[in-house]
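Visitor: Sequence first, then the predicted structure:
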Amino acid sequence: EDQVTQSPEALRLQEGESSSLNCSYTVSGLRGLFWYRQDPGKGPEFLFTLYSAGEEKEKERLKATLTKKESFLHITAPKPEDSATYLCAVQHTGGFKTIFGAGTRLFVKA
Amino acid sequence: DAGVIQSPRHEVTEMGQEVTLRCKPISGHDYLFWYRQTMMQGLELLVYFNNKAVMDDSGMPKDRFSAKMPNASFSTLKIQPSEPRDSAVYFCASSYRAPEGAFFGQGTRLTVV
């Protein structure tokens, strides 16, 4: 059964304190892995798509990496405005059904 | 483009009533997804369409839920009869093609009392 597990559930950082969020997945053939950001009361906002192991993508202070079993979202020198819930999701090659993890709530304190 | 537009933003209804949620996807997007988000279950895919055709509705309780996409710019998710356990935030999302990240609407917060 396809499964996505994110850790930690919550992460508290000081402004400028770099860290990483983890997304472990089991899927019967990966079509794509996605990272989203969700602010309270809003819909998820698309950040990255990763397709194959070894791939990396960057956007401002965020960098996403992918291996055959997990993905990391690295946050470099975070700012308070990076506080949000970060969601990981996968699609398997059998279709386009997307399975989401429970998310990591990130709090960045000034 | 204004993004994915959902209506209403909030809906409060009594158990047993019919509820219709509406979605206008981004123009030119071929895929449309309906999700439900709760604290306990997180984001769950209910149904998705490709070029207006239902591709997978295995996540949708079919005895009370129905989804339609009569044209490329409009979709509905109907619940009849509604139950308190249907209380959640319902999101509509669209994407140009898969696998690509989807663009989400602001959601409809449904409360069934």
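Guide: Now that the structure is in, tell me what you want to look at.

Visitor: For the residue nearest to residue B:101 when sequence neighbours are not counted, which residues are in contact?
Guide: Excluding its sequence neighbours, the residue lying closest to residue B:101 (C-beta to C-beta, 6 or more residues apart in numbering or on different chains) is residue A:46, at 3.5 Å. All C-beta spots, glycine's among them, are computed from the backbone N, C-alpha and C. Going by C-beta atoms under 8 Å, 6 or more residues apart in numbering or on different chains, residue A:46 touches A:34, A:36, B:101-104.

Visitor: Swap in 10 Å and give it another go.
Guide: Contact analysis of residue A:46 by C-beta atoms under 10 Å, 6 or more residues apart in numbering or on different chains lists A:34-37, A:89, B:93, B:95, B:100-104.

Visitor: Chain B against chain A: which residues are in contact?
Guide: Residues of chain B lying close to chain A (C-beta under 10 Å from any C-beta of the partner chain) are B:3-4, B:6, B:9, B:31, B:33, B:35, B:37, B:39-45, B:47-48, B:50, B:55-56, B:58-59, B:89, B:91-93, B:95, B:97-107, B:109.

Visitor: Confirm that the residue nearest to residue B:101 sits in a strand.
Guide: Yes - under DSSP: H, G, I helix; E, B strand; the rest coil, residue A:46 falls within a strand.

Visitor: And the pLDDT for it?
Guide: At residue A:46, the pLDDT value in this model is 95.

Visitor: looking at the sheet around it, what are its partners?
Guide: Counting by DSSP bridges, residue A:46 forms beta bridges with residue A:36.

Visitor: in chain A, which spans are strands?
Guide: Counting by DSSP state E, chain A has strands at residues A:3-7, A:10-14, A:19-26, A:30-38, A:45-50, A:56-59, A:62-66, A:70-75, A:84-92, A:98-100, A:104-109.
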